[in-house]
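Peer 1: need a 3D model of the following:
(one chain, ligands or ions: 1)
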Amino acid sequence: MDINLFFTHTFKENENQFENSIVVMCDVLRASSTICAALHNGAKEIIPTVNSEQAMNIYTSLDRASRFIGGEQNLHKPAGFDAGNSPMEYTHDKVAGKTIILTTTNGTPLFTKAKSSKMKIIVAFVNFNIVLDKIDDLIKQNETTQEYQSIDLICAGNSESFSYEDALCLGGIVEHITQDNDNFKLNDSARASRNLYLYHKNDLFGFLRTCDHAQKLIKNNLYDDLDICFTWNLYPVLPIMEGLSIKKSNI
Ligand code: MLT
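Peer 2: Numbering: from 1, shown residues only. Next up is the predicted model:
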């Protein structure tokens, strides 16, 4: 199997590029982490949208009792939204049973990519191990079914630039998949991300707090979000895209 990594989601996607691919999508700060928090706290589903207008159009079409709209523009809650993009805002009392319409700068546009894939998984540090277990299961099953030809790992990136936290999270996935199995062909981005993970793994979160997006959150008084997003396996849920929405999957 091939393992391909993409440092941002803004690549030109060919129509059936991911039809035989296990796709793993990552926006550590903060959309993937927020989605894990919401599903952990009982949300029915999350519908990712590309902008606030699309989000509000879907939101107003839904039943009042079951809808919730959240996300960020320039890191903060847009007018008329129920929540911003901090995982702390998606508490059980607010989101249990709800359909959440979410729009963020990089994360939700990422989640709308790879439409041809039959398996789209959302990962962050807060659900790292459960995603690894799922990937291990899929690889084992694929030895018999040969259903998948590749594992494609896609970073949200940070405003179309490299995101260190996304690359290290997915680099950790690459390391765990390949550490006891050399039957994979890695592209350069996957090899680079694995090497970066191995270089930083002894002080991963200390280093990531010095990086661009973390520093931007700190400057916007969103420091507490780092304590959540930089916690291993805080929300052990498996978010998988089903059609246009993200739902909690049983293993
Ligand atoms: C994104 O989608 O770019 C992020 O989730 C932005 C944020 O920190 O809310």
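
Peer 1: for residue 158, what are phi and psi?
Peer 2: phi -130, psi 100 (degrees, to the nearest 10).

Peer 1: residue contacts, it?
Peer 2: 106, 166, 212, 213 (CB atoms under 8 Å, 6 or more residues apart in numbering). All C-beta spots, glycine's among them, are computed from the backbone N, C-alpha and C.

Peer 1: and those, which is closest to the ligand?
Peer 2: For the contacts of residue 158, the closest approach to the ligand (CB to the nearest ligand atom) belongs to residue 106, at 3.3 Å.

Peer 1: can you measure across stretch 80-98, start residue to end residue?
Peer 2: Criterion CA to CA, to the nearest Å; first-to-last residue distance in stretch 80-98 is 17 Å.

Peer 1: returning to that earlier point: mind putting the contacts of residue 158 into a markdown table with pLDDT and distance to residue 175?
Peer 2: Compiled in a markdown table, the contacts of residue 158 are given as follows (pLDDT from 0 to 100; distance: CB to CB, whole Å):
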| residue | pLDDT | distance to residue 175 |
| --- | --- | --- |
| 106 | 96 | 24 |
| 166 | 98 | 15 |
| 212 | 98 | 23 |
| 213 | 97 | 22 |
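
Peer 1: may I ask which of those has the most neighbours?
Peer 2: Within these, neighbour counts (other CB atoms under 10 Å) peak at residue 166, which reaches 33 neighbours.

Peer 1: do I have it right that it meets residue 173?
Peer 2: No - counting by CB atoms under 8 Å, residue 166 stays clear of residue 173, with 10.9 Å between them.

Peer 1: quick check: of the contacts of residue 158, which lies closest to residue 80?
Peer 2: residue 106 (21.6 Å; CB to CB).

Peer 1: which residues does the closest one contact?
Peer 2: Per CB under 8 Å, 6+ apart, neighbours of residue 106: 9, 27, 31, 156, 157, 158, 159, 163.

Peer 1: need the max-distance pair from the residues you listed.
Peer 2: So, those by CB to CB: farthest apart are 31 and 159, at 13.5 Å.

Peer 1: quick one: which of those two has more around it?
Peer 2: Of the pair residue 31 and residue 159, residue 31 is the one with more neighbours under other CB under 10 Å, namely 31 against 13.

Peer 1: and the pLDDT for residue 251?
Peer 2: On pLDDT, residue 251 comes in at 68.

Peer 1: before we move on, the earlier item: adding distance to the ligand and pLDDT, write the contacts of residue 106 out as JSON lines.
Peer 2: Shown next, in JSON lines, are the contacts of residue 106 (distance: CB to the nearest ligand atom, whole Å; pLDDT from 0 to 100):
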{"residue": "9", "distance to the ligand": "10", "pLDDT": "95"}
{"residue": "27", "distance to the ligand": "5", "pLDDT": "98"}
{"residue": "31", "distance to the ligand": "4", "pLDDT": "98"}
{"residue": "156", "distance to the ligand": "6", "pLDDT": "98"}
{"residue": "157", "distance to the ligand": "8", "pLDDT": "97"}
{"residue": "158", "distance to the ligand": "7", "pLDDT": "94"}
{"residue": "159", "distance to the ligand": "7", "pLDDT": "92"}
{"residue": "163", "distance to the ligand": "9", "pLDDT": "98"}
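
Peer 1: distance to residue 74 and secondary structure for the residues you listed - can I get that in TSV?
Peer 2: Compiled in TSV, these are given as follows (distance: CB to CB, whole Å; DSSP: H, G, I helix; E, B strand; the rest coil):
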residue	distance to residue 74	secondary structure
9	19	coil
27	16	coil
31	14	helix
156	16	coil
157	16	coil
158	13	strand
159	11	coil
163	17	coil
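
Peer 1: near the ligand, from the contacts of residue 158?
Peer 2: residue 106 (CB under 6 Å from any ligand atom).

Peer 1: strands along the stretch 1-150 of the chain, start to end?
Peer 2: 2-6, 21-26, 45-49, 67-71, 99-103, 119-123, 150-155 (DSSP state E, counting those that start in this stretch).

Peer 1: the fourth one and the ligand, are they touching?
Peer 2: Yep, that's strand 67-71 we're talking about. No - using CB under 6 Å from any ligand atom, strand 67-71 stays clear of the ligand, with a minimum separation of 7.7 Å.
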